[in-house]
Every structure is written in C-alpha cells, then in structure tokens.
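>>> Give me a model of this one.
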Amino acid sequence: MSKLFIKNINLIDGTGSEVIENVNVLVEDGRFSAVNADAEVKDAEIIEGGGRYMLPGMIDTHVHMMTEFKPMEERLVTPFSYNFYQAMGYLKRTLDAGVTTVRDALGSDLGLKRAIDDGLVAGPRMQISVNALTITGGHGDGYNYSGINTDLFQPHPGMPAGICDGVEEVRKKTREMLRAGADIIKVHATGGVSSPTDHPKFTQFSLEELKVIVEEAKFRNGVKVMAHAQGLEGVRQCVEAGIHSIEHGIFLDDEVCGLMKDQGTYLVPTLLAPVSVLEFAEELGMPKTAIEKSEEVIEYHKESFTRAYKAGVKIAMGTDAGVFKHGTNLRELELMVECGMTPMDAIVASTKTAAECMGYPDIGLIKEDFVADFILVEDNPLEDIGLLKDNSKVTVVAKEGVVHKNILN
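So this is what the prediction gives:
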C-alpha cells in the first residue's frame, strides 16, 4: 500500500467551506484516506507543507491538447506526426500549472488519452470529444474564400471528419464520434470568433438536428453533448434541445440564463480565449478576422458571464487552451473574479462544479475516499486569486496520489 502524508497545510477543500488551518492529509493508494489526520504516519512519503495552501487539482472543462495556435506558414510545414510529440509538452505544461483533469473540446483522439492512462506520457486525466460536429461553411469548416482549406485538424484514422448537414448526416456523424471513442459529443451550434466565413451570432444546426445529436449520444451511449454556442438564438436552441453545457456563451440575456438555471445547463465561459487572442495575436499568427471579432465581442462576453453568475447558472471553469498557450489555464479564475465571481466561487467552479459537469463523482474535492488530485500553492488564493496564474507559486501537483511536480525549497 502506497502512502503519502502531507503535513502542516491550510486546506481549501473545494466545497466552498472556510479554510481549515494547520491540518495534515493522508493519501493511500491514490485516494484521500484521512483529512485532518494524526501528526505522525509510519511508512509514508512525507511532504512538509510549511503552512502552504492545499487545494484540489484544478479542472479545465474546455481545452484542445493537440494544438497550440501558430502562424499558418508554420502549421503548413509541420509534419503530421510531429504534432503528437509537441502535445507531450502541452500536457506537461498543463499538469505543471495545477490542472489535473481536462475535457478536450476537439482535436485529441483515443490514442492520446490512452497514452496518459497507461503512463506512456505525463498529463492530466482526459475526456475527449475527438472532433466537433459542424455544418458546411460553419465554425469548424476550414474553407476560405480563396478555395483553400485550412482546417485546424485533418481527419485521420482516429479522427473522423466533423462536417455534416441534415438530420440523418448528424445522426451518422454522432455515431462515428462515439465509435472513435468520444466521451462527450461536441457540436458547433453557432459561428465563432476564429472561423473565417461566419460570425459568432450566426446559428448553425437546426433545433431538430440538435435534438437528434442529443438523442443519439444519450440513448445509445449515455454520453452528454457540449456545444460551442456564442449567439443568443443558438444558445436558446441548445438549451431547448437538452444540451449539457454551453461553451463560451458570449451573448446571453436574462431569459436564457433563467432557462439554463432551471434546466441545470452548465456554462463554460472561456473568458481567457478572446483576451489571449488580442494579447498574443502577432505571436500566434491570428488572422485579422479573429482579431476584429475578438475586439467586437470581448465586453459582451464579460457582461454575459456576470449575468449568468448572478442568475445562479452552474459555471464550470474552462479556458479554450490551445487557441492560446497551454499552461496559462488558471488565469481564467482571475478573469472570473474580475467579472464579479468571489474567489471561493471561482475555486469551486474549477473543482467541485467542473467535476460535476464532467460526471465525476469522486474527484474535485479533498475529501475522504475521493481521488487524490491536489496542488499546494505558496499563499492564500482567497486573498489573491491571481497567484494561481503564476506556475512558480504552484509548488506541488499530484494526480491520483502521484506527485508530478514538487518545487518546494
């Protein structure tokens, strides 16, 4: 039996409860076995916390682990298999940032997930959508007015193409994603900021098509659906169709927030995405259209987040990492707080609520019998939530009781 004993820490357990000061936590065989344990444990690896703050491992419910946006010229000359080796670095940076679980919103196939599960590479626990369903000419269709296709991900044996039109095509495409190993179905229900031929307010799939996607996922495999949905009408249709989570939610009103709250629909806000697009546009080689649309929507995005939070919508932290640099994920918490969320609620959104959104009953909390994912940080994030974005302040990261990062002095 493996044992890990973390001594003398201040505990933020993920439930939203007050900090528990000066406690010890015992991990046995990858799970928390005692919180507020006795001062001494035999035959255990010991981490001396020294009064640092212990939190559950963070959960990012919207990432793209197989990419990091780069200039088009660089993308075109990169060999296909090279991307998988690059992804190993993205996984490591994400884990080192304190993110121990992710939901991949398109781009990662079953092989990448299994490589992590089998210990071939170090990375966060993953749920995958494989590829996103999209309409011809919609967000996710890389066709340009020149006739050149610049899809971010090329179809390959582990990743079916995502374009589908009409009820029977979306039914078949949903089945193809499930066959490829999707844990969740991703659908582009509206246009987007980064796509060349549409706008975030444009509605894509019909209500009937969305309902068929939900039906196929739910009744065939018990799988939920996440929707890239930015425009108001597209969000409304997603909620009516029974989609599980709204990704981005840039244009929300009070009515649709009320519907989301009543139906238990999650919002995954990804506030960091347009902010990073604008900050790193030149370095990342962002097209002019993406920059212009980011500038157009950024204030609406913040206002919609605040509206949803005040309305009591369930919010799960998600960032869209991959559109920008991996390993910067926890800056999202600072942005959520800037938009009105309390620091404790931001932590809960990134742990307990995110775990619930992903359907995990035993991660996201530091609680007896829960999976031992945790981080140690230098200071109190409730007093300065921004410290979490500084990876040097995240001194210990453990996943399932295995320490992947330890930079304690």
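
>>> and the residue nearest to residue 380 when sequence neighbours are not counted, how many neighbours does it have?
Spatial nearest neighbour of residue 380, excluding adjacent residues (C-beta to C-beta, 6 or more residues apart in numbering): residue 53 at 5.7 Å. Where C-beta positions appear, they are placed from N, C-alpha and C, glycine not excepted. By other C-beta atoms under 10 Å, the residues close to residue 53 number 22.

>>> just checking, residue 53 touches residue 13?
No: proximity of residue 53 to residue 13 does not meet the contact threshold set by C-beta atoms under 8 Å, at 11.1 Å.

>>> distance between the ends of stretch 144-157?
One end of stretch 144-157 to the other measures 25 Å (C-alpha to C-alpha, to the nearest Å).

>>> I misspoke; the intended subject was stretch 246-253.
14 Å.

>>> List the contacts of that stretch.
62, 105, 192, 200-201, 226-232, 235, 238-239, 260, 265-270, 273, 297, 300-301, 304-305, 307-308, 318, 320 (C-beta atoms under 8 Å, 6 or more residues apart in numbering).

>>> Buried subset of these, written for PyMOL?
In PyMOL, this line selects whichever of the contacts of stretch 246-253 come out buried by 16 or more other C-beta atoms under 10 Å:
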select buried, resi 62+105+192+200+226+227+228+229+230+231+232+235+238+239+260+265+266+267+268+269+270+273+297+301+304+305+307+308+318+320
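
>>> Of the contacts of stretch 246-253, which belong to helices?
In helices, defined here by DSSP state H, the members of the contacts of stretch 246-253 are 232, 235, 238-239, 260, 273, 297, 300-301, 304-305, 307-308.

>>> between the residues you listed, which is nearest residue 350?
Nearest to residue 350 among those, counting by C-beta to C-beta, is residue 305 at 14.3 Å.

>>> My guess is that closest one contacts residue 339. True?
Yes: the pair residue 305 / residue 339 is scored as a contact, 4.8 Å apart, by C-beta under 8 Å.

>>> any residues in contact with both of the two?
By C-beta under 8 Å, 6+ apart, the residues touching both residue 305 and residue 339 are residue 271.

>>> Please enumerate the helices of the stretch 151-300 of the chain.
167-179, 207-221, 232-241, 254-263, 272-279, 281-284, 288-311 (DSSP state H, counting those that start in this stretch).

>>> re earlier: now the two most distant members of the ones in helices among the contacts of stretch 246-253.
239 and 273 (21.3 Å).

>>> Which residues outside stretch 77-88 are in contact with it?
Contacts for stretch 77-88 (C-beta under 8 Å, 6+ apart): 65, 66, 67, 68, 108, 112, 121, 123, 154, 156.

>>> circling back: output the ones in helices among the contacts of stretch 246-253 as JSON lines; include the columns distance to residue 216 and pLDDT.
Formatted as JSON lines, these follow (distance: C-beta to C-beta, whole Å; pLDDT from 0 to 100):
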{"residue": "232", "distance to residue 216": "26", "pLDDT": "97"}
{"residue": "235", "distance to residue 216": "21", "pLDDT": "98"}
{"residue": "238", "distance to residue 216": "15", "pLDDT": "98"}
{"residue": "239", "distance to residue 216": "18", "pLDDT": "98"}
{"residue": "260", "distance to residue 216": "23", "pLDDT": "98"}
{"residue": "273", "distance to residue 216": "28", "pLDDT": "92"}
{"residue": "297", "distance to residue 216": "31", "pLDDT": "85"}
{"residue": "300", "distance to residue 216": "32", "pLDDT": "95"}
{"residue": "301", "distance to residue 216": "30", "pLDDT": "95"}
{"residue": "304", "distance to residue 216": "29", "pLDDT": "98"}
{"residue": "305", "distance to residue 216": "31", "pLDDT": "98"}
{"residue": "307", "distance to residue 216": "32", "pLDDT": "98"}
{"residue": "308", "distance to residue 216": "28", "pLDDT": "98"}
